[in-house]
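K.L.:
Following is a predicted model, sequence given first.
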Number of protein chains: 2
Amino acid sequence: MAGTMKQDAYRYILQKMMRGELEPGMQISELSIAAELGISRSPVRDALSQMVAEGMVERVPRFGTVIKTFSAQEVADLYDLRVALESYAASQAAAKIDPDALKNLEECCEQMNGLAEQLKKNGSGELDADMLTEMSRLDMNFHMIILRATGNRMLLKSAYESKLMSRIFGMQRVSSFDWEHVHGVYRYHRDIYDAIERGDAEAARASMTRHINFGKEGSLVFLAEHQDLRHKEKFEDIAERILEGGEFL
Amino acid sequence: MAGTMKQDAYRYILQKMMRGELEPGMQISELSIAAELGISRSPVRDALSQMVAEGMVERVPRFGTVIKTFSAQEVADLYDLRVALESYAASQAAAKIDPDALKNLEECCEQMNGLAEQLKKNGSGELDADMLTEMSRLDMNFHMIILRATGNRMLLKSAYESKLMSRIFGMQRVSSFDWEHVHGVYRYHRDIYDAIERGDAEAARASMTRHINFGKEGSLVFLAEHQDLRHKEKFEDIAERILEGGEFL
DNA sequence: GCTTGACATCTGGTATACCACTGCTATTTT
DNA sequence: AAAATAGCAGTGGTATACCAGATGTCAAGC
């Protein structure tokens, strides 16, 4: 237990999501979470409110708090947003990443390679659960290092949230990752790293754009194949309010 | 009164900010707001929590909720984020804005021109309060129309929040706007509009980048001149947490 | 005049209670 | 048996109360 109870609850719920115990579309009970942590509803509610603001979760009046489900449009939007933010970050990183971070970035890269090699040797086509979380962690770290290198905290915050969302969405399809996929991700990361390492901002931007767009395509294909599972109701949120309302204020 | 009390409180506080009654650095009393609206602390607190998540205000434990003050670094970061988001939006808009929105965009543009002309005729170098809010509203609308044209709600949400923040910051310097400035903004807007109207994505992107960077410079100059007023303490927020923590999870 | 210390009063954080509303289930009515 | 209905459990929304820590005030003592 560290810091406020709200932060505890936030972490707790997030980890449940990451471990796949809470999947998109599922309902989160404020009371249950509170009971599991031995605290009251208030901090749990605060944590969920933050998640609502971050777009990971939606509140449906008189039904419950629900993990966001993504339509094809939303997935595409999400990845486009990441392109806008992270390609910019990559170009900035190429110009001003510091040596330590660069070293971490390479390590992160090579660990992914190690994972791929290990998977190839094992021969089994699929990752087990541990390797899955490791892969997920390495990918997250790689992108975060680049975002951190910009030194722009606001960019970092926006990108972090969108990356988190695409990761939550990814949890439901990640089980199908094989050696080819892991190796492919490594190749992309390596390209990006090389461009940053030699200070080529334009190449870094282009590589990052390709990388994210590749992920976007994969997600959209997955979504098309599992369309039947999705139930997509419309909920109101900030974007809704702004999009519909013609005038400001 | 429309919708939930939380929304009421959110609007109420936002309007206070926009009207300059609440300036950066000032403390917001949950209890006072609640009393003014005749409601309890809870919805006010919810509204403020949302603002915290959006980065407009900060909570300082055992002191109060405070409207965010901006260091030069943060202002620069803010505008850079807007460049990343809005230049992308402008290029998208050039490709797929619909005729109605385009018409609105032009109207918005020309109203700004009208404002400039009116100001020129009046002879007085300064805007009065009404013209100031009108100018602010037109500027906001112009940018929102372009963002809306992308059809990307997540981009819209991120950009909306950052635009809102730069606007709040702008409230403290906006009083010095003269004819030249208004006309300058019009010229930039017109350039962007022209590029979008003829479907030139690259030009739209470039114009938007120039426009926002111009605003950035102005803000930084203002900040340098009024540095003495700023008191910049460090508070912890999401970005902080991510920036410092080396590993994820 | 200056320090000191008790006290009232702020704040955010948390817990708890209550309400209106919904959806489901079991009962009653037809 | 089928339909209508009454009741219960669950939800989000709101109000209220209490707490610990920080701050500001002001009078007593040096």
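P.N.:
Sure thing, it's come through.
K.L.:
Now do the strands in chain A.
P.N.:
In chain A, the strands defined using DSSP state E lie at A:27-28, A:57-60, A:64-67.
K.L.:
Chain B is nearest to which of those?
P.N.:
strand A:57-60 (10.5 Å; CB to the nearest CB). Backbone N, C-alpha and C define where each C-beta goes, glycine included.
K.L.:
where does chain A have low pLDDT?
P.N.:
Scanning chain A with the threshold set as pLDDT under 70 gives A:1-3, A:123-127, A:171-177, A:227-249.
K.L.:
what does it have sitting close to DNA strand C?
P.N.:
A:4, A:5, A:6, A:39, A:40, A:41, A:42, A:43, A:46, A:62, A:63 (CB under 7 Å from any atom of the strand).
K.L.:
which ones among these are found in helices?
P.N.:
Applying DSSP state H to the residues of chain A next to DNA strand C, the entries found in helices are A:5, A:6, A:41, A:42, A:43, A:46.
K.L.:
Drop anything exposed from those residues.
P.N.:
A:5, A:6, A:43, A:46 (16 or more other CB atoms under 10 Å in any protein chain shown).
K.L.:
For chain A, which residues are neighbours of DNA strand D?
P.N.:
Checking chain A against DNA strand D by CB under 7 Å from any atom of the strand, the hits are A:27-32, A:41-42, A:45, A:59-65.
K.L.:
Can you say which of those residues are buried?
P.N.:
Buried among the residues of chain A next to DNA strand D (16+ other CB under 10 Å): A:28, A:30, A:45, A:59, A:65.
K.L.:
and the gap between the last one and residue A:163?
P.N.:
Remark: distance between residue A:65 and residue A:163 (CB to CB, to the nearest Å) = 22 Å.
K.L.:
List the contacts of residue A:196.
P.N.:
Counting by CB atoms under 8 Å, 6 or more residues apart in numbering or on different chains, residue A:196 touches A:90, A:93, A:94, A:97, A:102, A:105, A:146, A:149, A:204.
K.L.:
Could you measure from it over to residue A:101?
P.N.:
Taking CB to CB, one finds residue A:196 at 10 Å from residue A:101.
K.L.:
between those two, what contacts are shared?
P.N.:
residue A:149.
K.L.:
so residue A:83 touches residue A:213, yeah?
P.N.:
Yes: using CB atoms under 8 Å, residue A:83 is in contact with residue A:213, at 6.7 Å.
K.L.:
What are the boundaries of the helices in chain A?
P.N.:
A:5-18, A:30-37, A:41-54, A:72-96, A:99-122, A:129-149, A:153-170, A:179-197, A:201-225, A:238-244.
K.L.:
report the angle between the axes of the first one and helix A:30-37?
P.N.:
Using axes from the mean of the first three to the mean of the last three CA atoms, to 10 degrees, the inter-axis angle of helix A:5-18 relative to helix A:30-37 is 100 degrees.
K.L.:
CA atoms of helix A:5-18 as CSV?
P.N.:
Output of helix A:5-18 as CSV, limited to C-alpha atoms (Å, rounded to 0.1, in the frame of the first residue of the first chain):
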residue,chain,number,x,y,z
MET,A,5,-6.2,4.8,-1.2
LYS,A,6,-7.4,6.1,-4.5
GLN,A,7,-4.1,5.3,-6.0
ASP,A,8,-4.2,1.9,-4.5
ALA,A,9,-7.6,1.3,-6.0
TYR,A,10,-6.4,2.7,-9.4
ARG,A,11,-3.4,0.3,-9.5
TYR,A,12,-5.5,-2.6,-8.3
ILE,A,13,-8.1,-2.2,-11.0
LEU,A,14,-5.5,-1.5,-13.7
GLN,A,15,-3.6,-4.7,-12.8
LYS,A,16,-6.8,-6.7,-13.0
MET,A,17,-7.3,-5.3,-16.5
MET,A,18,-3.8,-6.1,-17.5
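K.L.:
Which other helices and strands does it contact?
P.N.:
helix A:30-37, helix A:41-54, helix A:153-170 (3 or more CB pairs under 8 Å, 6 or more residues apart in numbering or on different chains; DSSP states H and E).
K.L.:
Tell me how far the longest one lies from the chain's centre.
P.N.:
Meaning helix A:153-170. 5 Å (CA atoms, centre = their mean, to the nearest Å).
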